[in-house]
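Novice: Got a sequence here, can you build the structure:
(one chain, ligands or ions: 1)
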Amino acid sequence: MEQLPFYSGGLRFSCTRCSACCRYESGYVFLSREDLDILAAALDMAGGDFVKTWCRWVPLGGGTEYLSLKEKLNDDCIFWKDGCTVYRSRPLQCRTFPFWDSVVVSAEAWESAGRGCPGMGRGELRGMAYIEGCLRARASQPPLARKAERPEL
Ligand code: SF4
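Specialist: Numbering: from 1, shown residues only. You can find the predicted model right below:
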């Protein structure tokens, strides 16, 4: 018999908008084609201009680079200014947090991620259907990728 995931009874999460996940530490906010289209439209820009202005290509091995938002010099997200300035158009990665494969893979991973996020483990109960909808959405909208311009040494 197939074992149900640990989150089969749902998981509690309500974002407190503390911004801990958008600031202070370097990280990547990867963009899918859909994310790029939505953000570029929100800022009334062509997709290519949006990429040149707000994005960077991140080499993650295998000769492939992935499209991510830039960060400020202090490691804040490039769109953070007294809160998320593109909140209504924010990328899927942000919209689905913390219901990512790497976080809901186990109770331990969920607890570990929750140490950095005061919204996890409290607030609204998100059912299994919601959680798996987030996982499916992320699987169906992968980050934009290209062949690395400079192969790793
Ligand atoms: S760390 Fe958690 S509570 Fe704080 S802004 Fe991010 S998702 Fe919301």
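
Novice: From residue 64, how far off is the nearest residue to residue 100 once chain neighbours are set aside?
Specialist: Spatial nearest neighbour of residue 100, excluding adjacent residues (Cβ to Cβ, 6 or more residues apart in numbering): residue 138 at 6.7 Å. Where you see a C-beta, it was placed from the backbone N, CA and C, and this is true even at glycine. To residue 64, residue 138 is 18 Å away according to Cβ to Cβ, to the nearest Å.

Novice: which of the two has more neighbours?
Specialist: More crowded of residue 138 and residue 64, by other Cβ atoms under 10 Å: residue 138, with 19 against 14.

Novice: distance between the host helix or strand of the more buried one and the chain's centre?
Specialist: Here residue 138 sits within helix 128-140, counting by DSSP states H and E. In terms of Cα atoms, centre = their mean, to the nearest Å, the centre of helix 128-140 is set 13 Å apart from its chain centre.

Novice: would residue 121 count as being in a strand?
Specialist: Yes: assessed by DSSP: H, G, I helix; E, B strand; the rest coil, residue 121 belongs to a strand.

Novice: In contact with it, which residues?
Specialist: By Cβ atoms under 8 Å, 6 or more residues apart in numbering, residue 121 lies in contact with 11-13, 111, 114.

Novice: Which of those residues has the largest number of neighbours?
Specialist: residue 11 (23 neighbours).

Novice: beta partners for that one?
Specialist: Bridge pairing for residue 11 (DSSP bridges) gives the partners residue 126.

Novice: what does the model give it for pLDDT?
Specialist: Looking at residue 11, its pLDDT stands at 98.

Novice: what do you get for residue 151?
Specialist: So, for residue 151, pLDDT stands at 52.

Novice: Could you list the buried residues of the helix holding residue 138?
Specialist: For helix 128-140, the neighbour count (16 or more other Cβ atoms under 10 Å) marks 130-131, 134, 138 as buried.
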